[in-house]
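Student: sequence and predicted structure, then a few things I'm wondering about:
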Amino acid sequence: MCFYSRRMHFVCLACRAAWKKTPTSQDPVRCPQCRAELINAGADLAVPKRRDEAGWRALEAVLRAGLTFHGGCCGTGPGYRPRTPREVQERLALAGRTGMPVKKALAVVDPTLTDRYGAAARTPGRGTRTAWRATGVPQRSPKTA
């Protein structure tokens, strides 16, 4: 049985604050401190502490790119999201190097692993057998098999 939280994190990037609220229809939710419009970040957001400047810079980059923390069915979660500015910079460099959209590049687990054309990133451990054999691992001969 799936459980979906009805309460979402609404984030104000200017105030470095987040509130859990039930989303209303069509009404823009405003920050109670600065009256700026809040961003619906989803239920699976781990909000950084207010004094964690690096965490808030990374969260701002992720939210400005259009990624949110809305989970999937049966607790699958939103997927990978960078937590530090360094991780954001690595993924932005991947986007610039390969031409990948920024939104997709920010969700890549490891920016150093790309396919041979450089257009699509892949997850670690999903290589081809030919690449594995090319690393110097001895192959079994048909006679000894």
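Tutor: Arrived safely, thanks for sending.
Student: residues near Glu87, how many?
Tutor: Glu87 has 18 neighbours, counted by other C-beta atoms under 10 Å. In this view, the C-beta of every residue, glycine as well, is placed from N, C-alpha and C.
Student: what of Trp56?
Tutor: As a burial measure, Trp56 scores 18 neighbours (other C-beta under 10 Å).
Student: next: Lys21.
Tutor: 14.
Student: for this protein, give me the ranges with low pLDDT.
Tutor: Residues of the chain that meet the criterion pLDDT under 70 lie in 1-5, 25, 72-77, 113-145.
Student: list the buried residues of the longest helix seen in it.
Tutor: Criterion DSSP state H: the longest helix present in the chain is helix 85-98. For helix 85-98, burial by neighbour count (16 or more other C-beta atoms under 10 Å) applies to 85, 87-88, 90-92, 94-95, 98.
Student: ok, now which ones touch the closest residue to Ala93 other than its chain neighbours?
Tutor: Leaving aside its sequence neighbours, Ala93 sits nearest to Pro111 (C-beta to C-beta, 6 or more residues apart in numbering; 7.1 Å). Residues in contact with Pro111 (C-beta atoms under 8 Å, 6 or more residues apart in numbering) are 90-91, 93-94, 105, 121.
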